[in-house]
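> sequence-free structure coming up:
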DNA sequence: GAAAAGATAGTAACTAATTACTATCTTGAG
DNA sequence: CTCAAGATAGTAATTAGTTACTATCTTTTC
């Protein structure tokens, strides 16, 4: 089980362990402050040994972003799958996302940290692709909901999608700040209920 | 005007210029990557000279956080002042906040960057205080809105406040990611409209 | 025994902070 | 007013400590 403390792991396994180590470290450490030495120490390895499996630090971050993108999207798509009502699917997607980040607090921190950087690293490109993929999925659901009358056709698609993602990002931010990831799980249902009413309700315009 | 390129500024003025330099740098650079050398270069000063006005780097960050807290809160309070309707006041507050960060993109980056750090620096304490102050202001407005019937008494106060702040944070995040601060200004009204309907609307429960 | 994985011991570049020295401004005595 | 004396602000060079990365030797595994 605890591959992290094992020695002489095959290369691919070692790379996986490295990615997990980074995610774990990112849960409590600012991503920019995570050094290769800290990563190595966390997996009971010497610092130089890391470079047997990654050509440079950037490659490690790329691997981490891939990990996050794959796991997050698969979780979300699995959650929404098979739900006929688009609105219900959106809610399931929302909750699955919250679940994921409360299990892996380091994941959103890596994402945000990477996206905030000015320079266009390969890892940043991966993060961008993830977000784009996410938004497309959302647009489809919103359009489907309009088609079947679950959402009013007059709803501003972009605002609705922006607020969906923004709501999650806001929840994450506030949990990161308070240091309590459970807070996010508790607050999520009430917060989504407001969002839901906001996009459904046709009244009170202006 | 351009005090930044002037030499032999009085100490207080030089400190102000330093804070502004940091905010400007933070607009395009990850706060953690801002070095004292970069700050000094941006104000046409030698690196060592900075430490004639600040005992250490942490003191610079403290000064920056104070700057952000003062300016942001004064803007918001001024915007809400004199508006009788609590709901209208909330909207004015929202827009003032968006205005502020689109003028000073570095400000939220410093805030988030500092809050994400694990260790409790003095700057982080300032950031926490700002957020607490902000939330209190919000709670008062929500309660007032309930009292005068603008918001339903059944509304979940905490969820409403969380989503208010979260919505802003989400908008900021997405603008930071796209690198276009104007996007935030454009998206803000539509996004707030959804939020507004969400907290007003009593229907569609469950 | 050969190849893969890890340990050890570096290096060059960078960072915050310090220091000895210089330039500029301010002030008060003659 | 004037100009020396002190105060203030800035420079250039240097420090100790980190960081990503590398070269070489050792161990493990098949």
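Yes, it's here. Since this is a predicted model, take the numbers as computed values, not measurements.
> Looks like residue A:11 contacts residue A:53 (just checking).
Yes - assessed by CB atoms under 8 Å, residue A:11 is found in contact with residue A:53 at 5.7 Å. Where C-beta positions appear, they are placed from N, C-alpha and C, glycine not excepted.
> residues near residue A:201, how many?
20 (other CB atoms under 10 Å in any protein chain shown).
> circling back: which one's more surrounded, residue A:11 and residue A:53?
Between residue A:11 and residue A:53, counted using other CB under 10 Å, the more crowded position is residue A:53 (18 against 9).
> ok, now which ones touch that one?
A:11, A:14-15, A:18 (CB atoms under 8 Å, 6 or more residues apart in numbering or on different chains).
> Tell me which two in these are the farthest apart.
Pairwise distances across the contacts of residue A:53 (CB to CB) peak at 10.5 Å, for the pair A:11 and A:18.
> interface residues of chain A facing DNA strand D?
A:7-8, A:33-37, A:47-48, A:51, A:55-58 (CB under 7 Å from any atom of the strand).
> Where helices are concerned, which of the residues you listed count?
A:36-37, A:57-58 (DSSP state H).
> Pull out the buried residues from these.
residue A:36 (16 or more other CB atoms under 10 Å in any protein chain shown).
> Relative to residue A:126, which of the ones in helices among the residues of chain A next to DNA strand D is nearest.
Of all these, residue A:126 sits closest to residue A:58, with 11.3 Å by CB to CB.
> ok, the closest one - contacts?
So, once contact is read as CB under 8 Å, 6+ apart, residue A:58 ends up touching A:121-123.
> Over to residue A:57?
With CB under 8 Å, 6+ apart, residue A:57 has these contacts: residue A:36.
> 10 Å - rerun?
For residue A:57, the contacting residues are A:34-36, A:39, A:50-51, by CB atoms under 10 Å, 6 or more residues apart in numbering or on different chains.
> tell me which element the residue most central in space within chain A falls in.
Note on chain A: the residue nearest the mean C-alpha position is residue A:108, at 4.8 Å, using CA atoms, centre = their mean. Using DSSP states H and E, residue A:108 maps to helix A:106-116.
> Now which of the contacts of residue A:57 would you call buried?
Buried among those by 16+ other CB under 10 Å: A:34, A:36, A:39, A:50.
> where along chain A do the helices fall?
Under DSSP H, chain A gives helices at A:11-26, A:36-42, A:57-80, A:86-103, A:106-116, A:122-147, A:157-178, A:181-200.
> Tabulate these (CSV), appending distance to residue B:79.
What follows is these, written out as CSV (distance: least, CB to CB, whole Å):
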stretch, distance to residue B:79
helix A:11-26, 36
helix A:36-42, 43
helix A:57-80, 37
helix A:86-103, 31
helix A:106-116, 27
helix A:122-147, 31
helix A:157-178, 20
helix A:181-200, 22
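> May I have the residues that are in contact with the closest residue to DNA strand D within chain A?
Going by CB to the nearest atom of the strand, DNA strand D is nearest to residue A:48 of chain A, at 2.7 Å. Contact partners of residue A:48, counting by CB under 10 Å, 6+ apart, are A:36-37, A:40.
> My guess is residue A:108 contacts residue A:174. True?
No - if you go by CB atoms under 10 Å, residue A:108 and residue A:174 don't touch, sitting 11.9 Å apart.
> Can you tell me which residues in chain A are near DNA strand C?
Counting by CB under 7 Å from any atom of the strand, chain A sits next to DNA strand C at A:7-11, A:14, A:44-49, A:52-53.
> Quick check on these: which are buried?
Judged by 16+ other CB under 10 Å, buried ones among those: A:9, A:14, A:45, A:53.
> Torsion angles phi and psi at the first one?
As for residue A:9, its main-chain torsions (degrees, to the nearest 10) stand at phi -70, psi 150.
> Let me know the distance separating it from residue A:16.
Distance, residue A:9 to residue A:16, by CB to CB, to the nearest Å: 9 Å.
> what's the burial count for residue A:77?
13.
> Over to residue A:20?
Count around residue A:20 with other CB under 10 Å applied: 18.
> swap in residue A:97?
Based on other CB under 10 Å, the number of other residues close to residue A:97 is 22.
> and it, what is it in contact with?
A:72, A:75-76, A:79, A:108, A:134, A:164-165, A:168, A:171-172, A:188.
> Restrict those to those that also contact chain B, please.
Restricting those to those near chain B by CB under 10 Å from any CB of the partner chain leaves A:164-165, A:168, A:171-172, A:188.
> coming back round to it: what's the most distant pair in the residues of chain A next to DNA strand D?
A:8 and A:33 (29.6 Å).
> for chain A, which spans come out with low pLDDT?
A:1-4, A:203-206 (pLDDT under 70).
> From residue A:37, how far out is the residue of it found nearest DNA strand C?
Residue of chain A nearest DNA strand C, by CB to the nearest atom of the strand: residue A:48 (2.7 Å). To residue A:37, residue A:48 is 10 Å away according to CB to CB.
> Residue A:157 now?
Note on residue A:157: its distance to residue A:37, by CB to CB, is 47 Å.
> for residue A:134, same thing?
Taking CB to CB, one finds residue A:134 at 33 Å from residue A:37.
> swap in residue A:147?
54 Å.
> again with residue A:131
Here residue A:131 is placed at a distance of 31 Å from residue A:37 (CB to CB).
> now do residue A:56
Taken as CB to CB, the span from residue A:56 to residue A:37 is 15 Å.
> same question, residue A:101
In terms of CB to CB, residue A:101 sits 27 Å off from residue A:37.
> what does residue A:78 give?
37 Å.
> returning to what we had before: farthest-separated two in the residues of chain A next to DNA strand C?
Checking the residues of chain A next to DNA strand C with CB to CB, the most distant pair is A:10 and A:47, at 20.3 Å.
> check contacts around residue A:109.
Contacts of residue A:109 by CB under 10 Å, 6+ apart are A:23, A:25-31, A:34, A:101, A:172, A:176, B:116.
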